[in-house]
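A.B. asks: need the 3D shape of this:
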Amino acid sequence: MALFSIQFFIFLALVIGLYYIVPGKLQKYVLLAANIIFYFIAGGLDAMAFILITTVTTWFSAYKIESIENAYKSRTANKERPLSREEKAALKEKARRRKKRYLVATLLINFGILGVLKYGNFVIGNINAFLPETSRIADMGLLLPLGISFYTFQSTGYLIDVYRGSKNKACRNLIDYAVFTTYFPQMIQGPINRFNELGHQLIEERRFDSARFREGFSRLLWGYFKKMVIAERTAIIVNEVFNNYELHSHQGFIVFIGVFFYGVQIYADFSGGMDIVFGASEIMGIDMQENFRQPFMAKNVAEFWRRWHMTLGNWMRDYVFYPIALSKPFMKLGRSLKKKVGTYYGKVIPSFMASFIVFILVGIWHGASWKYIAYGVYQAVFVSTATLFEKQYNAFNTFMKFDTESAGFKFWQMLRTTFIITVGRYFSRAATFTDAMRMYKATFTRFNPWVLFDGTLYTLGLEMKEFHFLILMLIVLLAADIIAEKGIVIRKEVAKQNTVFRWAVYLTAILMIIIFGVYGPGFDAASFIYQKF
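C.D. replies: Below you'll find the model as predicted:
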């Protein structure tokens, strides 16, 4: 079921209507039924088996882990049968080992499934490259279940939190937990939610709130506008450059323009999809973690990643970066380095290494291909070295007497960051790592700035009027981001206005989507770029 199909509109309307019609105690069952129906239609019956395994294993293990911890606390608190210090230590160690067995086993099961389904054929392909043709291993022929990366990360994050005893109490009701793991708006492309923030909202009784409805509806329209009017129109240029750069001899600035527009496309596509997800949820009174915060306003690559796909970044920080950086080997390395190279580098180098590992994993998360590994390494270099050489950067700015607080310097930082991020997108968009390298060569071995002014841009799939209209829409998108950066939430401001003004805005947005949305050949209503990740 595609987010842009008439079936989805009908489905969403029916779910929302039924959600508010039934008694509050039944609302969670409406959501669960909607989740199952949506996943069955969009993902298929076979895929449902995998999300069921993840749901049951993480729920059961979290339940057992908390039960073991509670039993330990109950026993040690028993004053009628007091334990010696040695007995308490032995009991604590026994409980720790039992809890860890459940944790490790469940993580292995779920990440094992994810690894086999998402990366199995990639591994086989690389092994086959070293084998004679007669001895090669056949592809496994397995389909990748819808949303598997998102629901695996979300569910295992919950399990780890219960194990740590930090954020979550174990959910005792499997139905309540299943509503969280299968929540249908997040299935296409996230976000990666936390149980302590979303779980309780999905099972609470809710009444219809007209203000929330207006704000959610506005966000839905904004998401559809970004996807249909901007992302799909930009995709025409991107596909022309990437699919035909050798055939049409696209060189120099034209290739870079294609990559730049891919950055625009993926931003409008991904953030637009998020707006649809958040809007649908907000209509039902449900809030989720934001996934974007004006990423092109970032002044360095690390900040960009704190603004882009924020829930993935937060997940990697909490469950990968901190465990690595605070692990015994890394702490030992830090102490050793402090003695050899000083306190500053003794502290920074382990963080640099942990950050490098995280961004390689981020690259791998995006897909099973060497181009994504290269993409991760590229991002890791810029993020990690910024930390490693922060002192030198600051010293250089001081030496050059740059006013780092001036608007001009900050604007330069944004342009520099956008350029660095754009250069990295060769890897994520090109068909293969080899194609990406060829496109780098095609870009940086030909200096032809005149193509920006001689009409060449109008040969990339959009005629002059269409191209100018796209630029105008990008200005609208940029203006919206600038306003949001100032803390103004446009949809909330619109929702406060009188009925006539609100509906004038709504109808204008609807007409823009209908009239200027791109639905021509090649359009796939089910397609979101991050859906395949």
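
A.B. asks: what's the first helix or strand after the longest helix belonging to the chain?
C.D. replies: Ordering each helix of the chain by length in residues (DSSP state H) puts helix 85-128 first. Counting by DSSP states H and E, the next helix or strand C-terminal to helix 85-128 is helix 148-164.

A.B. asks: could you give the angle of that following helix to helix 85-128?
C.D. replies: Angle of helix 148-164 versus helix 85-128, following axes from the mean of the first three to the mean of the last three Cα atoms, to 10 degrees, is 160 degrees.

A.B. asks: which residues touch whichever helix or strand comes after helix 148-164?
C.D. replies: Per DSSP H and E, helix 148-164 leads on to helix 174-181 as the next helix or strand towards the C-terminus. Helix 174-181 has contacts (Cβ atoms under 8 Å, 6 or more residues apart in numbering) with 28-29, 31-32, 35, 51, 54-56, 58-59, 151, 154-155, 158, 171, 193, 195, 198-199, 202-203. Using the backbone N, CA and C atoms, a C-beta is placed for each residue, glycine as well.

A.B. asks: buried members of these into ChimeraX, please.
C.D. replies: Of the contacts of helix 174-181, the buried ones go into a single ChimeraX selection, burial set by 16 or more other Cβ atoms under 10 Å:
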select :28,31,32,35,51,54,55,58,59,151,154,155,158,171,193,195,198,199,202,203
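
A.B. asks: how far away is residue 32 from residue 421?
C.D. replies: In this view, residue 32 and residue 421 are 39 Å apart by Cβ to Cβ, to the nearest Å.

A.B. asks: phi, psi for the spatially most central residue of the chain please.
C.D. replies: By Cα atoms, centre = their mean, the chain has its centre lying nearest to residue 309, at 3.9 Å. When read as degrees, to the nearest 10, the backbone of residue 309 gives phi 50, psi 60.

A.B. asks: that one and residue 365, how far apart?
C.D. replies: With the distance defined as Cβ to Cβ, residue 309 ends up 10 Å from residue 365.

A.B. asks: quick one, what contacts residue 197?
C.D. replies: Applying Cβ under 8 Å, 6+ apart, we find residue 197 in contact with 288, 289.

A.B. asks: if we can go back for a sec, show the pLDDT at the residue nearest to the residue nearest to the centre of the chain when sequence neighbours are not counted.
C.D. replies: Of all residues not flanking residue 309 in the chain, residue 291 sits nearest, at 6.0 Å (Cβ to Cβ, 6 or more residues apart in numbering). pLDDT recorded at residue 291 is 95.

A.B. asks: can you check residue 249 too?
C.D. replies: Per-residue pLDDT puts residue 249 at 66.

A.B. asks: do the one 3 residues further on as well
C.D. replies: At residue 252, the predicted lDDT confidence score is 87.

A.B. asks: ok, it touching residue 451?
C.D. replies: Yes - taking contacts as Cβ atoms under 8 Å, residue 252 lies within contact range of residue 451: 7.0 Å.

A.B. asks: okay but residue 279 is in contact with residue 218, surely?
C.D. replies: Yes - using Cβ under 8 Å, residue 279 is in contact with residue 218, at 7.4 Å.

A.B. asks: show me how far whichever helix or strand residue 264 is part of is from its chain's centre.
C.D. replies: Using DSSP H and E, residue 264 sits within helix 253-283. Counting by Cα atoms, centre = their mean, to the nearest Å, helix 253-283 is centred 12 Å from the centre of its parent chain.

A.B. asks: which elements pack onto that helix?
C.D. replies: Applying 3 or more Cβ pairs under 8 Å, 6 or more residues apart in numbering; DSSP states H and E, we find helix 253-283 packed against helix 6-21, helix 210-224, helix 232-244, helix 407-429, helix 433-444.

A.B. asks: reformat those as TSV; add mean neighbour count.
C.D. replies: Putting the helices and strands packed on helix 253-283 into TSV (neighbours: other Cβ atoms under 10 Å) gives the following:
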stretch	mean neighbour count
helix 6-21	15
helix 210-224	20
helix 232-244	21
helix 407-429	17
helix 433-444	17
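
A.B. asks: among those, which comes closest to residue 315?
C.D. replies: helix 407-429 (19.2 Å; Cβ to Cβ).

A.B. asks: just for the stretch 151-300 of the chain, where's the confidence low?
C.D. replies: Counting by pLDDT under 70, the stretch 151-300 of the chain shows low-confidence ranges at 246-249.

A.B. asks: thought residue 334 was touching residue 348?
C.D. replies: No - contact criterion Cβ under 8 Å: residue 334 and residue 348 do not qualify, at 9.1 Å.

A.B. asks: so what's residue 334 up against?
C.D. replies: Residue 334 makes contact with 346, 347, 349, 350, according to Cβ under 8 Å, 6+ apart.

A.B. asks: any idea how many residues pack against residue 387?
C.D. replies: When neighbours are counted by other Cβ atoms under 10 Å, residue 387 registers 14.

A.B. asks: next: the one 4 residues further on.
C.D. replies: When neighbours are counted by other Cβ under 10 Å, residue 391 registers 11.

A.B. asks: so which strand or helix has it?
C.D. replies: Judged by DSSP H and E, residue 391 forms part of helix 390-399.

A.B. asks: so what touches that helix?
C.D. replies: 344, 348, 386, 404.

A.B. asks: what's the second one sitting at in phi/psi?
C.D. replies: Okay, so that is residue 348. Torsion angles, degrees, to the nearest 10, at residue 348: phi -80, psi -40.

A.B. asks: may I have stretch 381-398 as PDB, with CA atoms only?
C.D. replies: The C-alpha coordinates for stretch 381-398 follow below in PDB (Å, rounded to 0.1, in the frame of the first residue of the first chain):
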ATOM      1  CA  VAL A 381      36.700  10.800   7.800                       C
ATOM      2  CA  PHE A 382      35.100  14.300   8.000                       C
ATOM      3  CA  VAL A 383      33.200  13.700  11.200                       C
ATOM      4  CA  SER A 384      36.100  12.000  13.000                       C
ATOM      5  CA  THR A 385      38.900  14.300  11.900                       C
ATOM      6  CA  ALA A 386      36.800  17.400  12.900                       C
ATOM      7  CA  THR A 387      37.000  16.100  16.400                       C
ATOM      8  CA  LEU A 388      40.700  15.100  16.200                       C
ATOM      9  CA  PHE A 389      41.900  18.400  14.700                       C
ATOM     10  CA  GLU A 390      39.400  20.800  16.500                       C
ATOM     11  CA  LYS A 391      42.300  22.500  18.300                       C
ATOM     12  CA  GLN A 392      44.100  23.200  15.000                       C
ATOM     13  CA  TYR A 393      40.900  24.400  13.300                       C
ATOM     14  CA  ASN A 394      40.300  26.900  16.100                       C
ATOM     15  CA  ALA A 395      43.900  28.000  16.100                       C
ATOM     16  CA  PHE A 396      43.800  28.600  12.300                       C
ATOM     17  CA  ASN A 397      40.600  30.700  12.600                       C
ATOM     18  CA  THR A 398      42.200  32.800  15.400                       C
END
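
A.B. asks: now that stretch: buried residues?
C.D. replies: Judged by neighbour count (16+ other Cβ under 10 Å), stretch 381-398 contains these buried residues: 382, 383, 384, 385, 386, 388.

A.B. asks: I'd like those as JSON lines, with pLDDT and secondary structure appended.
C.D. replies: Listed next are these as JSON lines, based on pLDDT from 0 to 100; DSSP: H, G, I helix; E, B strand; the rest coil:
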{"residue": "382", "pLDDT": "92", "secondary structure": "helix"}
{"residue": "383", "pLDDT": "91", "secondary structure": "helix"}
{"residue": "384", "pLDDT": "87", "secondary structure": "helix"}
{"residue": "385", "pLDDT": "85", "secondary structure": "helix"}
{"residue": "386", "pLDDT": "83", "secondary structure": "helix"}
{"residue": "388", "pLDDT": "80", "secondary structure": "helix"}
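
A.B. asks: closest to residue 110 among those residues?
C.D. replies: For those, the nearest to residue 110 is residue 383 (27.2 Å; Cβ to Cβ).
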